[in-house]
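**Q** My questions concern the predicted model and sequence given below.
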Amino acid sequence: MPVKVKINIDWKKVKENIIQEIDTRVTRAFQIACKETVIWAKQNHKYTQQTGALNSSVGFQLYKDGVLTDSYFEQSQGGNDKDGAKAKGVSAGEKTTAQRASELGAHICAVIVAGMPYAIYVESKGYDVLTGAEKQFPSILEKRMKEAFADIPGVSYQVNG
């Protein structure tokens, strides 16, 4: 017995769904890559934590069309936390990422920071606060993008950095 199938395709809706799926996967790849980069920075620093504020200020925020969608800051385990220094570090990191993201204004904006003002001083003394992690980020993001689009033929991307 013959079977007939009639398919109606709303190509506009199909295209919108595909674009949304790609956007979701890109956002997720950035989330994972940012968190891995922050963890790398926190695990590979060589400076001595006196209060834990600097390490607590290392983190990221992810914005999509100007709206905060993800944030990762954790209070450090090291240091003596004088006067709530770890909480101040987290607060400084969050404030710094929000300021930087508002300046960039991209569709998807990921900002990884060391939010304490003296982070650059510590780096100038030869200690890696964020520079090493910054160098790791492009390869981490490349890996996560590859995973995100492994099952979708025809999608290409380029990670520069």
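**A** Sure, I can see it.

**Q** got any ranges where this structure has weak pLDDT?
**A** In the predicted model of the chain, residues 79, 161 satisfy pLDDT under 70.

**Q** After the lengthiest helix in it, which helix or strand is next?
**A** Assignment by DSSP state H gives helix 11-44 as the longest helix of the chain. Next along the chain after helix 11-44, taking DSSP states H and E as the criterion, comes helix 53-56.

**Q** What would that next one look like as CSV? C-alpha coordinates only.
**A** Provided in CSV are the C-alpha atoms of helix 53-56 (Å, rounded to 0.1, in the frame of the first residue of the first chain):
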residue,chain,number,x,y,z
ALA,A,53,41.2,39.3,48.5
LEU,A,54,43.2,39.2,45.3
ASN,A,55,42.4,35.5,44.5
SER,A,56,38.8,36.1,45.5
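
**Q** What distance do you get for the residue nearest the centre of the chain to Gly126?
**A** Centroid check for the chain by C-alpha atoms, centre = their mean gives Cys34 as the closest residue, at 2.8 Å. For Cys34, the distance to Gly126 (C-beta to C-beta, to the nearest Å) stands at 26 Å. C-beta: built from backbone N, CA, C; applies to glycine.

**Q** still on that earlier bit, what about the longest helix of the chain, distance to the chain center?
**A** 9 Å (C-alpha atoms, centre = their mean, to the nearest Å).

**Q** count of neighbours near Thr27?
**A** Look at Thr27: counted by other C-beta atoms under 10 Å, it has 18 neighbours.

**Q** That one and Lys64 touch, don't they?
**A** Yes - counting by C-beta atoms under 8 Å, Thr27 does reach Lys64; the two are 6.2 Å apart.

**Q** joint contacts of those two?
**A** Counting by C-beta atoms under 8 Å, 6 or more residues apart in numbering, the shared contacts of Thr27 and Lys64 are Ile108.

**Q** Which of the three states applies to Gln61?
**A** Following DSSP: H, G, I helix; E, B strand; the rest coil, the label given to Gln61 is strand.

**Q** What residues does the closest residue in space to it that isn't next to it in sequence make contact with?
**A** Leaving out its chain neighbours, the residue that sits closest to Gln61 by C-beta to C-beta, 6 or more residues apart in numbering is Thr97, at 4.0 Å. Shown in contact with Thr97 (C-beta under 8 Å, 6+ apart): 59-61, 71, 111-113, 115.
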